[in-house]
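Q: got a sequence here, can you build the structure:
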Amino acid sequence: MDRRVDQPANRRAAIAGLGLTGMGKVYGPTAQQFAAEAVRRAAADAGIGLSDIDGLLVSAGVTNAVNLSLQVDLGLRDLRMLTQMQAFGSTAGAMVQYAAMAVEAGMAETVACVFADAPLQPGRTTGEAYTARSEPIGWAGLREASGFVNPSTQYALAARRHMREFGTTSEQFGAIAVAQRAWAAMNPLAQLRTPITLADHQASRFVVEPFHLLDCCLVSNGGAAVIVTSGERAAELAQPPVSVLGWGQAHPGHRWRRDDAFGLVSGAARSGPAALGMAGIGVDDVDVVELYDCYTYTVLLTLEDYGFCEKGEGGAFVSTPGVLGPGGSLPLNTGGGQLSSYYMWGMTPLAEAVIQARGQAGERQVDRHDVVLVSGNGGFLDHHSTLVLGGHATS
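A: As a prediction, this is how the structure comes out:
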């Protein structure tokens, strides 16, 4: 299936370990401590020792409190690869891509990719975790004087443009939140598991119009890590290997420019076809979709850009009964996503993709899970990464 025909099959990369710490309002550990624990758990999950790791890619969240000194904290020596990466929510997917290339090129044998953050503090609201900022200067000052002061206001502008252009409605955004909460109800790791209705969504307070509270992702403390190695080695380790079949990135660079596609098209329109093309498949071959969902709108836009529905028809698609939720024709964000499960930037969809591809999702496990599509979105539609992962039938 993989178009990397010049790459020996036993060298093609696979995810062999997954490590998740406690998520949510978990106070005490620093982001760096969460990161170290996630790597330890990923190594244990794979059945390897920390000394087997010869590559480390780290990513920090909004607190920017994870750095290259994690190598020392973990006692890792003589690494062949060590890098700190930052492309916001698209970083997790990009880390796996670079780890896969390193493994396939022989630059490293076993690479740990980790993200961690701890923005929540006792006595502070979750909203405060993402509103602290330095004094703006230049163009940023003009923007903030107009009311664009946080990610919600930025994405609200994008969503409103989609609504105006295509007639997308708040109720259609709400259908995504309801479907993902239904998945979260079956996920023991999810922060929010109580089912919701569309009426609940509409009744939730506005954060910034058109976004209700239930359109917006959670804020979480915690850490997540994966171990990337060769398919040959992964097959000998403790967990079912999850093959990295294809990948792609896109960085449109269109932020705030007039008369462009901002709000209407994301980097998924380029990174998706690139990843699927590398894997030698199309969207019809995808069994499970794990999308970056900082807001319900982002899910809708990404589905359009990947080609699961026509541009402008995302609202009708997501609100059609029997599509997105449990038992639906397109299982999407099967752990509840960042809206209901936990918010670890791009590690949230990646972790659930690994769990589904392995067949280890318990009550929420989907029957067909041989091909899983994973997205990451960063900035304000500025960065996008796509992974195509394979379960046992494609390993």
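Q: the residue lying farthest from the centre of the chain and E109: what is the separation?
A: In the chain, G138 marks the outermost C-alpha relative to the chain mean, sitting 31.8 Å out by C-alpha atoms, centre = their mean. G138 sits 46 Å away from E109, going by C-beta to C-beta, to the nearest Å. Backbone N, C-alpha and C define where each C-beta goes, glycine included.
Q: which residues does W247 form a beta bridge with?
A: L387 (DSSP bridges).
Q: count of residues packed around it?
A: 24 (other C-beta atoms under 10 Å).
Q: would you confirm that it contacts P273?
A: No - W247 is beyond contact range of P273, at 11.9 Å (criterion: C-beta atoms under 8 Å).
Q: and the spatially most central residue of the chain, how close does it get to F115?
A: Nearest residue to the geometric centre of the chain (C-alpha atoms, centre = their mean): G346, 2.7 Å. Per C-beta to C-beta, G346 is found 7 Å from F115.
Q: what is in contact with the two at once?
A: Contact criterion C-beta atoms under 8 Å, 6 or more residues apart in numbering; residues shared by G346 and F115: T91, A92.
Q: output the below-cut-off pLDDT ranges for this protein.
A: Low-confidence segments of the chain, defined by pLDDT under 70: 1-10, 131-135, 139-140, 142-148, 255-259, 392-395.
Q: all strands for it, in order.
A: Along the chain, counting by DSSP state E, strands occupy 13-20, 55-60, 81-85, 110-117, 206-208, 211-212, 222-230, 242-250, 288-290, 371-378, 383-390.
Q: reformat those as JSON lines; add distance to G277.
A: Formatted as JSON lines, the strands of the chain follow (distance: least, C-beta to C-beta, whole Å):
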{"stretch": "strand 13-20", "distance to G277": "17"}
{"stretch": "strand 55-60", "distance to G277": "24"}
{"stretch": "strand 81-85", "distance to G277": "24"}
{"stretch": "strand 110-117", "distance to G277": "23"}
{"stretch": "strand 206-208", "distance to G277": "37"}
{"stretch": "strand 211-212", "distance to G277": "34"}
{"stretch": "strand 222-230", "distance to G277": "21"}
{"stretch": "strand 242-250", "distance to G277": "7"}
{"stretch": "strand 288-290", "distance to G277": "17"}
{"stretch": "strand 371-378", "distance to G277": "13"}
{"stretch": "strand 383-390", "distance to G277": "10"}
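Q: any idea which of those strands gets closest to V149?
A: strand 206-208 (9.4 Å; C-beta to C-beta).
Q: now for that closest one, which elements pack on it?
A: helix 151-166 (3 or more C-beta pairs under 8 Å, 6 or more residues apart in numbering; DSSP states H and E).
Q: quick one: the helices in the stretch 201-350 of the chain?
A: For the stretch 201-350 of the chain, the helices defined by DSSP state H, counting those that start in this stretch occupy 231-234, 268-279, 296-306, 314-318, 337-340, 347-358.
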